[in-house]
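Student: here is a sequence together with a model predicted from it:
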Amino acid sequence: MHLEKIYLKNFRSFSSFKKNLGNKNLIFGKNGVGKTSFLESIFFSYKQRSFRTSSINSLINFDSDSFLIETRSFEKKYIYKKEKQKKLTKETPKVNTKLVLPMVLDNSSLNFLEAPKDNRRSFIDYFLFHVKPEYRAAHTQFKKSLAQRNKALKEGSANEIKTWTKSYVEKCQYIDNLRTDVIQDFLENFEDFLATQNLPSKLRGKFTDVRIGYSPGWENDLLEELRQCYRKDKEKGFTSKGPHVSDLSIKIKQIDSGNILSRGEQKLLILLIYIFFCNINSSKTNNETILLADDLHAELDGSTMDFALEAILAAKAQIFITSLEKIQKDKFDVLIDL
């Protein structure tokens, strides 16, 4: 599913734009020329949604009533068209674009370390939707079971709660089994991956002290822990144990990394985490990864920018990077001057 060509018509600020693409692509130009919108169009071509807004109509050029995105991959054409007040229409071959994993690194990615654990949990779920095809259905069933148990806690009898608890525990254990393979890979190998990186000297001390932890949302015996939490859960009408409260912790000397690293250091660590997961996707599946890095140079100085560029270009993925300038242009297959 390597993206070879793209044509945009009335998408955001692009009235008409066509470009051949390579494996390593640099998109550069002044602020406001559409660099982020270009990445957004690539993401949309795979996910049929934006990573910036929930409103598809807002992607239509202000002077138009519709947009069109046409891409070509391995000589197959994919067309997406959206008219105002109408549903998105698709003309695509019978290929599952959900198997392509687009990963976006932008300013909001800093929330991965700084914000509540929901962001890290969502990242793991998003990744597993692509790596393990059965995970999406399992996750849907788990969410449904959680909602049913919560409803029973609020309104149901003791027997109803018991019935839904049994079903809920089964769904939780299945979700946890599907997560374990990927999570375990991260727990066991990420620190070694960091050790292989040619880190700038000022980062080696901090990054070599990175420690990864994971809690599935309970300690040992989920059923027993739910029994112990029964009164509290009944009062609140909410299940307090399960995959929905799991957490991936990333610490340095027992301190949350988001509280000890500068924004530039956080960005580099998140970039390395993304690259690690790109490589997992490559090793565990035959699926393509698309890595979209917006405004890569922001928050980074000379040496850390050089390292970031070296690391991202070595990732097992098709790379799209936006920048104000032509950074080390000889390292890219395609330069897109907006």
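Tutor: Arrived safely, thanks for sending.
Student: can you report how many residues lie near the residue lying closest to Leu99 once chain neighbours are set aside?
Tutor: Of all residues not flanking Leu99 in the chain, Asn287 sits nearest, at 4.5 Å (CB to CB, 6 or more residues apart in numbering). The way it works is simple: take the backbone N, C-alpha and C, and place the C-beta from them, glycine included. Using other CB atoms under 10 Å, Asn287 is surrounded by 16 other residues.
Student: what about Asn287, which SS state?
Tutor: Recorded secondary structure, Asn287: coil (DSSP: H, G, I helix; E, B strand; the rest coil).
Student: that one against Phe127, yeah?
Tutor: No: between Asn287 and Phe127 there is no contact under CB atoms under 8 Å: 11.2 Å.
Student: quickly list what's touching both of the two.
Tutor: Leu101, Asn281 (CB atoms under 8 Å, 6 or more residues apart in numbering).
Student: and Lys19, how many neighbours?
Tutor: Neighbour tally, Lys19, other CB under 10 Å: 13.
Student: pretty sure it sits against Ile336.
Tutor: Yes: counting by CB under 8 Å, Ile336 is a contact partner of Lys19 at 5.9 Å.
Student: and the contacts of the helix or strand of the chain with the lowest mean pLDDT?
Tutor: Across the helices and strands of the chain, mean pLDDT, DSSP states H and E gives its lowest value to helix 111-114, namely a mean of 83. For helix 111-114, contacts defined as CB under 8 Å, 6+ apart pick out Asn119, Arg120, Phe123, Ile250, Asp256, Ser257, Gly258, Leu261, Gln266, Leu269, Ile270, Ile273.
Student: restrict it to CA atoms and write it as CSV.
Tutor: Below are the C-alpha coordinates for helix 111-114, written out as CSV (Å, rounded to 0.1, in the frame of the first residue of the first chain):
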residue,chain,number,x,y,z
ASN,A,111,0.1,14.8,25.2
PHE,A,112,1.3,11.2,25.0
LEU,A,113,3.6,11.8,28.0
GLU,A,114,2.1,14.9,29.6
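Student: now it: buried residues?
Tutor: Burial within helix 111-114, assessed by neighbour count using 16 or more other CB atoms under 10 Å, is assigned to Asn111, Phe112, Leu113.
Student: repeat for stretch 87-105
Tutor: Thr97, Leu99, Val100, Leu101, Pro102, Met103, Val104, Leu105.
Student: narrow the residues you listed to those in strands?
Tutor: Leu101, Pro102, Met103, Val104, Leu105 (DSSP state E).
Student: give me the neighbour count for Gln141.
Tutor: 15.
Student: measure it to His244 for me?
Tutor: Distance of Gln141 to His244, computed by CB to CB, to the nearest Å: 13 Å.
Student: do the same with Ile260
Tutor: 27 Å.
Student: again, but for Phe193
Tutor: From Phe193 to His244 the distance is 28 Å (CB to CB).
Student: swap in Ile124?
Tutor: 12 Å.
Student: tell me which of the two has more neighbours.
Tutor: Set side by side, Ile124 and His244 give different neighbour counts by other CB under 10 Å, the larger being at Ile124 (19 against 16).
Student: so where do the strands sit in the stretch 201-338 of the chain?
Tutor: Here the stretch 201-338 of the chain has its strands, by DSSP state E, counting those that start in this stretch, at 210-215, 247-252, 255-256, 289-293, 318-323, 334-337.
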